[in-house]
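Trainee: I need the structure of the sequence given here:
(one chain, ligands or ions: 1)
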Amino acid sequence: VGWVYTVSRAAELTGVPSGTLRKWEQRYGVVVPRRTPGNYRLYDDEAVRRLVVMRSLVDAGWSAQEAARYVVEDADAAEAELPRPDAPTTDDRVGELAACARDFDVPRLERALSESFSGRELEDVVDDWLVPSLVVLGRAWQRGEVSVAGEHFVTAAVHRRLAHVFQSLPPTASGAPRVVIGLARGSRHELGVLSFAMVLRAHGLAVTYLGADLPLEAWISTVRLLEPRAVVLAAPTIEDVPAVREVTEALAPLTTVLLGGAHQDEVSGVVRLGHLPGAAAVSLAGRLLTT
Ligand code: B12
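Mentor: You can find the predicted model right below:
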């Protein structure tokens, strides 16, 4: 089970030509494909993930040998080495979430969320405060200053808040353009798409939010059923890219596919939304409501 990708499919999903794949396998042992009875190579999701991380490291300037050693030893650590686009911010409270994660301070966390969400537009809360705060939190976690539990404690509260705001918005006008939003199979970094969905709904669009980790078949059947004007996904980490490629290829004939997340540039055939979920949602709402 799981060894389902032929060499040409693996090449498509990873963006690595099949000749290079063979070289990486033979020279560096990055992955060891299975063989069919007819001696064709077969790859699984883990192999595809390693290859896509290896490719990004090589694209970022690593030698193939260095990249391979890193990926073989610790694929998660290798992934964390990849450059990520950071949005600039002027908000002086971007350290609050990380501070709350350090000492599990419930009242301080509730206060930080309430104050940050009040008195300004949702898109500005998302782009100027929330996203940069999560990046600071992630760095603190990586340096060991925040525990896994502390990180979960804070992101669960953020998730609840986004869901609550989403739910409290007035009903959408009937006939408003529909947009379906969610993440591909295996992809669990949901806060970017959820923030985007919240802002889009606040700006009058009909949003069907599907959440994280949705299998390919479910994407296809839902889009056939709802016939939305557009579908929005994200590729927050490099390991999401192969599954996102699968979904976007399958949906492209059916609707317009738009993509956010740090690794959106690795996927072709989509409309790229950039790195500010709030601003991107406002601009998509404007486009769909006037056409
Ligand atoms: C919270 C969190 C989690 C939570 C997510 C909870 C949830 N419900 O979403 C949980 C615990 C599930 C998790 C799991 C993992 N995580 Co994590 N996580 C984070 C953390 C701290 C915040 C992520 C987040 O929400 N950021 C906010 C979003 C909005 O920011 P962003 O993803 O950088 O996106 C940018 C843009 O592309 C844009 N954007 C994002 N989405 C969208 C969508 C649209 C439509 C648009 C327009 C724009 C847009 O906004 C951002 C600004 O540039 C980050 C740290 C960080 N630097 O982000 C790590 C991080 C993303 N995680 C990481 C890792 C490695 C993992 C795990 C593999 C850990 C493990 N070994 O289990 C798993 C993988 C899970 C999976 N299969 O997907 C790494 C990724 C490394 C890399 N280079 O890709 C990070 C960067 C931490 C690190 N430095 O090591 N994680």
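
Trainee: quick one: name the residues of the stretch 101-250 of the chain near the ligand.
Mentor: Residues of the stretch 101-250 of the chain found near the ligand (CB under 6 Å from any ligand atom) are 131, 134-135, 137-138, 141-142, 151-152, 155, 159, 186-193, 196, 232, 234, 236-238. C-beta here means a position set from N, CA and C on the backbone, and glycine is covered the same way.

Trainee: which of these count as buried?
Mentor: In these, burial by neighbour count holds for 131, 134-135, 137-138, 141, 151, 155, 186-187, 189-193, 196, 232, 234, 236-238, counting by 16 or more other CB atoms under 10 Å.

Trainee: among those, which lie within helices?
Mentor: 131, 134, 135, 137, 138, 141, 151, 155, 191, 192, 193, 196 (DSSP state H).

Trainee: state the pair within these that is farthest apart.
Mentor: Farthest apart among these by CB to CB are 141 and 196. That separation is 22.9 Å.

Trainee: pretty sure residue 236 sits against residue 187.
Mentor: Yes - in this structure, residue 236 is within contact of residue 187 by CB atoms under 8 Å, at 7.0 Å.

Trainee: outside of stretch 182-192, which residues touch it?
Mentor: With CB atoms under 8 Å, 6 or more residues apart in numbering as the test, stretch 182-192 has contacts from 45, 130-131, 134, 155, 158-159, 162, 193, 209-216, 219, 233-237, 239-240, 243-244, 246-247, 260-261, 277.

Trainee: any of those residues buried? List them.
Mentor: The neighbour count (16+ other CB under 10 Å) marks 45, 130-131, 134, 155, 158, 162, 193, 209-210, 212, 214, 219, 233-237, 239-240, 243-244, 246-247, 260-261, 277 as buried among those.

Trainee: and residue 62, how many residues sit next to it?
Mentor: Residue 62 is flanked by 18 other residues according to other CB atoms under 10 Å.

Trainee: er, residue 93 actually
Mentor: Neighbours around residue 93, by other CB under 10 Å: 15.

Trainee: and if you look at the one 5 residues further on?
Mentor: Using other CB under 10 Å, residue 98 has 22 other residues around it.

Trainee: show me what the worst-scoring helix or strand of the chain on mean pLDDT is packed against.
Mentor: Least confident helix or strand, the chain: helix 75-80 with a mean of 70, by mean pLDDT, DSSP states H and E. Judged by 3 or more CB pairs under 8 Å, 6 or more residues apart in numbering; DSSP states H and E, helix 75-80 is in contact with helix 45-59, helix 64-73.

Trainee: C-alpha coordinates for the particular helix or strand that has residue 107 in it, CSV please?
Mentor: Residue 107 is part of helix 106-117, with elements assigned from DSSP states H and E. The C-alpha atoms that make up helix 106-117 are tabulated as CSV, following Å, rounded to 0.1, in the frame of the first residue of the first chain:
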residue,chain,number,x,y,z
VAL,A,106,-4.7,32.2,29.8
PRO,A,107,-5.9,35.7,30.8
ARG,A,108,-3.0,37.3,28.9
LEU,A,109,-3.7,35.2,25.8
GLU,A,110,-7.4,36.1,25.9
ARG,A,111,-6.6,39.8,26.3
ALA,A,112,-4.0,39.7,23.5
LEU,A,113,-6.6,38.2,21.2
SER,A,114,-9.4,40.6,22.2
GLU,A,115,-7.3,43.7,22.0
SER,A,116,-5.7,42.7,18.7
PHE,A,117,-9.1,41.9,17.1
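
Trainee: start at 320, not 1
Mentor: Will do, 320 is the new start, and the previous item becomes helix 425-436.

Trainee: moving C-terminal of that helix, what's the next helix or strand?
Mentor: Following helix 425-436 in sequence order, the next helix or strand is helix 441-443 (DSSP H and E).

Trainee: pull out the buried positions in that next one.
Mentor: 441, 442, 443.

Trainee: for that helix, which outside residues touch it?
Mentor: Contacts to helix 441-443, defined as CB under 8 Å, 6+ apart, come from residues 484, 517, 518, 521, 597, 598, 600, 601.

Trainee: what is the neighbour count of the closest residue to residue 558 other than its chain neighbours?
Mentor: In this structure, residue 558 finds its nearest non-sequential neighbour in residue 368, 4.8 Å apart by CB to CB, 6 or more residues apart in numbering. The number of residues packed near residue 368 is 25, by other CB under 10 Å.
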